[in-house]
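1. this one's sequence-less:
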């Protein structure tokens, strides 16, 4: 029995396997998916989406801020403009001028600001012209001798009252040379009046279109031009443009002076030709060109434009001939003639005969 126990407790011996049976090789466990790639892709996606969201939010914030700034700017300019109008009505011209200049600085296209500034400048000039200069009798502190500047200022006022723009301008130039700071606001207003009216007179009365345009350009240094003066400058510029094509391109000449002569038929340049006369002559030359190109209806219209301005016995036959070619005469029914004829059945039967009569008239 003890032997059996001994045998039972003895270590087990490994039995040799038959040669045809080999131990199985260990198999590799299946590879786990690479989760770190998905995690990295998710992080990148979160970063990209976060960046896009931040950018969009930033843009929205910028737009909102710009909108607020625009609203604030509109409120500020509107308020200053209204206050400027009140100051102008209360004859606080210097304050009104500063307000309108501030509005134009903030918004150059603010409606009515330039016109009100021009009105203010003219009011300042008129007040300076009509108000006598008061000289102080008691001076607390010594002041420089301004008798030269003061005398020039009074002289310029007198020239403005006389509408002697050339002499007024020369006097203001001398005043600025004498003392550039002497009553600068009033002097600026006087400059505005002098240059504005001198420029218009040069264009309308003197036929000095270039000089008038130059004066009006100088006027804008002291304030915006009023609509009337600006329209005169526009007509002068258009006149010079049309005249530059004289004898070169008659169509361009006609197009330019067609716009001028209905409003300013007597506008002229140094040559003495008025806008109406230039339009008449250019219409004749352009009509000749169209007739040579066999555009007879176009030539007729140009000749009619010329004849509408002034009668021309030399042009009338040509215009009539072109009219016949453009609109040939049509036959119109003439008087009815009854010719009696005999028939066996009824005796006399009236027969109606229509005699065509050619007529042609020059279209109005």
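-> That came through fine. Being a predicted model, the structure only gives us computed values, none of them experimental.
2. The residue positioned nearest the centre of the chain: what secondary structure?
-> Nearest to the mean C-alpha position of the chain, by C-alpha atoms, centre = their mean, lies residue 109 at 11.0 Å. Of the three states, residue 109 takes coil according to DSSP: H, G, I helix; E, B strand; the rest coil.
3. Enumerate the positions of the helix or strand hosting residue 302 that are buried.
-> For residue 302, the host element (DSSP states H and E) is helix 296-309. Using 16 or more other C-beta atoms under 10 Å as the test for burial, helix 296-309 gives 296, 298-307. All C-beta spots, glycine's among them, are computed from the backbone N, C-alpha and C.
4. Apart from its neighbours in sequence, what residue is nearest residue 241?
-> Once flanking residues are discounted, residue 241 sits nearest to residue 256: 5.6 Å by C-beta to C-beta, 6 or more residues apart in numbering.
5. How about the contacts made by the one you found?
-> 238-239, 241-242, 245 (C-beta atoms under 8 Å, 6 or more residues apart in numbering).
6. Which helix or which strand is home to it?
-> Counting by DSSP H and E, the element that carries residue 256 is helix 250-260.
7. That helix to helix 296-309, inter-axis angle?
-> Orientation of helix 250-260 against helix 296-309 (axes from the mean of the first three to the mean of the last three C-alpha atoms, to 10 degrees) gives an angle of 40 degrees.
8. How far away from the center of its chain is helix 250-260?
-> Computed by C-alpha atoms, centre = their mean, to the nearest Å, the chain-centroid distance of helix 250-260 equals 21 Å.
9. so what secondary structure elements neighbour the following helix or strand past that helix?
-> For helix 250-260, the succeeding helix or strand toward the C-terminus, using DSSP H and E, is helix 275-292. Judged by 3 or more C-beta pairs under 8 Å, 6 or more residues apart in numbering; DSSP states H and E, helix 275-292 is in contact with helix 227-244, helix 250-260, helix 296-309, helix 316-326.
10. ok, residue 224 touching residue 114?
-> Yes - counting by C-beta atoms under 8 Å, residue 114 is a contact partner of residue 224 at 3.6 Å.
11. Name the residues contacting each of these two.
-> Listed contacts common to residue 224 and residue 114 are residue 104; contacts here mean C-beta under 8 Å, 6+ apart.
12. The residue nearest to residue 237 when sequence neighbours are not counted: what's it in contact with?
-> Distances taken as C-beta to C-beta, 6+ apart place residue 213 nearest to residue 237, at 6.7 Å, with adjacent residues excluded. Residues counted as contacts of residue 213 (C-beta under 8 Å, 6+ apart) are 199, 203, 233, 236-237.
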